[in-house]
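# Show me how the following folds:
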Amino acid sequence: MKPSSAARIILGLALGLLAPSLATAQSQSPEARELASMTLLSGTFDNLSTQAGKMGTVNVKAALEGNLGRQLTEDESRRLNELFVRLFKETFSQSDYEAHLADVFGRYYAPQELKELVAFFRTPLGMKALRFSSVLDEESSAWAQRLIASRQRQLAERFNAEFAREFPALYQEFERRRRR
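I've put the predicted structure just below:
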């Protein structure tokens, strides 16, 4: 996959996730908007940006390395990741994400539940729970990446076997093209 193709796919997915309609933003309850705002204070948007950067980096790095015929250095990889994070934050505003969260909260919580959640998150324990959710996201993501990396070969082998079983014609076509 070309770096520009991967970047377009990632940005397209993020746009679909983050871009609420104007009508939706106007219909959100004040409690849903406040809960979304409180959630973002915990670092959720920064975590989302970091994850988007990592996803973009993985795909583009693989394409670059394939085209260059070498692995990127640690510095090049770090700078590529920083580029993706910066571009994500510049392209998708935190206010867009906040509007999206408010919309989601409004769809899944009743008005009274939103009032109770806002009241809870205003307490010291609620504020701590919001801060902890950011830490939990970061640590869970790092753990998942380590786990996947430690089992990458096993996962690839199983995927290849299952892919060949589930899509025999496609697998054969892929293998023919790969051998050329």
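
# Scan this protein for its longest helix.
The residue-count maximum for a helix in the chain (DSSP state H) belongs to helix 124-150.

# tell me which residues in it are buried?
Neighbour-count burial for helix 124-150 flags 130, 134, 137 (criterion: 16 or more other CB atoms under 10 Å). The way it works is simple: take the backbone N, C-alpha and C, and place the C-beta from them, glycine included.

# which one of the residues you listed sits closest to residue 70?
Closest approach to residue 70 among those (CB to CB): residue 137, at 33.5 Å.

# so who does the closest one touch?
If you count contacts by CB atoms under 8 Å, 6 or more residues apart in numbering, residue 137 has them with 44, 47.

# Hmm, residue 97 and residue 45 touching each other?
Yes. Residue 45 is within contact range of residue 97, at 5.3 Å (criterion: CB atoms under 8 Å).

# Could the C-alpha coordinates of the helix or strand where residue 169 lies be exported in PDB?
For residue 169, the element it lies in under DSSP states H and E is helix 168-179. This file holds the C-alpha atoms of helix 168-179, laid out as PDB (Å, rounded to 0.1, in the frame of the first residue of the first chain):
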ATOM      1  CA  PRO A 168      -9.000 -20.500  -1.300                       C
ATOM      2  CA  ALA A 169      -9.400 -18.800  -4.700                       C
ATOM      3  CA  LEU A 170      -8.200 -15.500  -3.400                       C
ATOM      4  CA  TYR A 171      -5.300 -17.100  -1.500                       C
ATOM      5  CA  GLN A 172      -4.300 -18.900  -4.700                       C
ATOM      6  CA  GLU A 173      -4.400 -15.700  -6.700                       C
ATOM      7  CA  PHE A 174      -2.400 -13.900  -4.100                       C
ATOM      8  CA  GLU A 175       0.200 -16.700  -4.000                       C
ATOM      9  CA  ARG A 176       0.500 -16.700  -7.900                       C
ATOM     10  CA  ARG A 177       1.100 -12.900  -7.900                       C
ATOM     11  CA  ARG A 178       3.600 -13.100  -5.000                       C
ATOM     12  CA  ARG A 179       5.700 -15.700  -6.800                       C
END
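
# What is the neighbour count of residue 99?
Neighbourhood size, residue 99 [other CB atoms under 10 Å]: 23.

# Quick check: which element contains it?
Here residue 99 sits within helix 94-108, counting by DSSP H and E.

# what angle do the next helix or strand after that helix and helix 124-150 make?
Using DSSP H and E, the helix or strand that follows helix 94-108 in sequence is helix 111-121. Angle of helix 111-121 versus helix 124-150, following axes from the mean of the first three to the mean of the last three CA atoms, to 10 degrees, is 90 degrees.

# elements contacting helix 111-121?
When contacts are defined as 3 or more CB pairs under 8 Å, 6 or more residues apart in numbering; DSSP states H and E, helix 111-121 sits against helix 30-41, helix 94-108, helix 124-150.
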